[in-house]
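Chemist: predicted structure and sequence below. I'll ask about it afterward.
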Amino acid sequence: MIEYSGQPHYLVAVDCIVFGFDGEHLKILLVKRGLEPEINKWSLMGGFVGANESPDDAANRVLKKMTGLEGVYLEQMQIYGEPGRDPIERTLSVGYFALIDIHKYEAQLNDDYEAEWFLINDRPKLIFDHDQMVADARKKLRYKAALHPILFEMLPKKFTIPQLHILFEEVNDTKIDTRNFSRKITSTGLLIKLAEKDRTGSKKGAFYFKLDKKKYNANSQAFLNLMPNLKI
């Protein structure tokens, strides 16, 4: 067997930042760490990459094992490799972020690892460099949301403008004028207005919409141009 003689060998892990939206708040899914060091402290979903699997395969496996979630939007983010990030052994971690509609996956979520949702700005301190991972993932999410309709992964197939407005505010951590947002988002022509209304908030109700994926693919610039105008 040929080896790279004299070269150091490191462990490779994956860590998953799971963002969820419940119609009102942006949240993050955390678990209690099950081993030392930092046992029983809050952590991202993580685990080591197996000898015969890719980082993508490992991330999907870890996510399913620790939360029961599968078939969700999952994207590789970046690698974390500071020499002292894990006090036990030199470990490189590949960071991923996932986006889900919390209500859609409620039944699928298990509690084997005490997975719990926290408000993104009111979460407990995390182990190792996981807080930095979360901060990086939020920046990545904002950037991606300006280029692609990934935020719709966090909404049901039919949604209201108020729900979309709240999600934009939560993701970008800023207030956006309601009337201005409604006017500009509908002017893109990328949303299909449905006949049905959501009347849970008021008797008048709010019309449901859905994303026109064909129009978006043909004219994604319309969505991109929306962002700077909203000062997002």
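Modeler: Received the coordinates, thanks. Owing to the predicted nature of the structure, the values given are computational and were not obtained by experimental measurement.
Chemist: ignoring the adjacent residues along the chain, who's closest to I88?
Modeler: P37 (6.7 Å; C-beta to C-beta, 6 or more residues apart in numbering). Backbone N, C-alpha and C define where each C-beta goes, glycine included.
Chemist: remind me which helix or strand that neighbour belongs to.
Modeler: Using DSSP states H and E, P37 sits in no helix or strand.
Chemist: is it true that it touches P87?
Modeler: Yes: look at P37 against P87 with C-beta atoms under 8 Å: they come within range, at 5.7 Å.
Chemist: looking at the protein, which helix is longest?
Modeler: The residue-count maximum for a helix in the chain (DSSP state H) belongs to helix 130-147.
Chemist: what's it packed up against?
Modeler: Contact analysis of helix 130-147 by 3 or more C-beta pairs under 8 Å, 6 or more residues apart in numbering; DSSP states H and E lists strand 11-21, strand 73-80, strand 91-101, helix 161-172, helix 221-229 as its packing neighbours.
Chemist: so what touches stretch 3-12?
Modeler: With contacts defined as C-beta atoms under 8 Å, 6 or more residues apart in numbering, stretch 3-12 is touched by F48, V49, P55, D86, E89, R90, T91, L92, S93, V94.
Chemist: please indicate which of those are buried?
Modeler: Buried subset of these (neighbour count, 16 or more other C-beta atoms under 10 Å): V49, P55, D86, T91, L92, S93, V94.
Chemist: farthest-separated two in those residues?
Modeler: By the measure C-beta to C-beta, P55 and D86 form the most distant pair in the buried ones among the contacts of stretch 3-12, at 16.5 Å.
Chemist: domains for the chain, by residue range?
Modeler: Domain assignment for the chain by automatic domain parsing gives 11-147, 151-219.
Chemist: save those domains as TSV, and put in mean pLDDT too.
Modeler: Supplementary listing: the domains of the chain in TSV, determined by pLDDT from 0 to 100:
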stretch	mean pLDDT
domain 11-147	94
domain 151-219	87
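Chemist: and those, which is most packed in?
Modeler: domain 11-147 (a mean of 17; mean count of other C-beta atoms under 10 Å).
Chemist: re the thing from before, of the helices and strands packed on helix 130-147, which is nearest R61?
Modeler: So among the helices and strands packed on helix 130-147, strand 11-21 is nearest, using C-beta to C-beta, at 8.8 Å.
Chemist: and the next helix or strand past that closest one?
Modeler: Heading C-terminal from strand 11-21 (DSSP H and E), you reach strand 26-32.
Chemist: still on that earlier bit, any chance of the helices and strands packed on helix 130-147 in JSON lines, plus distance to P149?
Modeler: Formatted as JSON lines, the helices and strands packed on helix 130-147 follow (distance: least, C-beta to C-beta, whole Å):
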{"stretch": "strand 11-21", "distance to P149": "14"}
{"stretch": "strand 73-80", "distance to P149": "11"}
{"stretch": "strand 91-101", "distance to P149": "11"}
{"stretch": "helix 161-172", "distance to P149": "11"}
{"stretch": "helix 221-229", "distance to P149": "6"}
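Chemist: once you drop chain neighbours, what's closest to G23?
Modeler: Q163 (5.7 Å).
Chemist: swap that for A13, please
Modeler: Nearest non-adjacent residue to A13, counting by C-beta to C-beta, 6+ apart: S93, 4.5 Å away.
Chemist: what sits against that neighbour?
Modeler: The contact partners of S93, taken as C-beta under 8 Å, 6+ apart, are V12, A13, V14, D15, G46, I79, Y80, G81, R85, M133.
Chemist: no further queries at this time; thank you.
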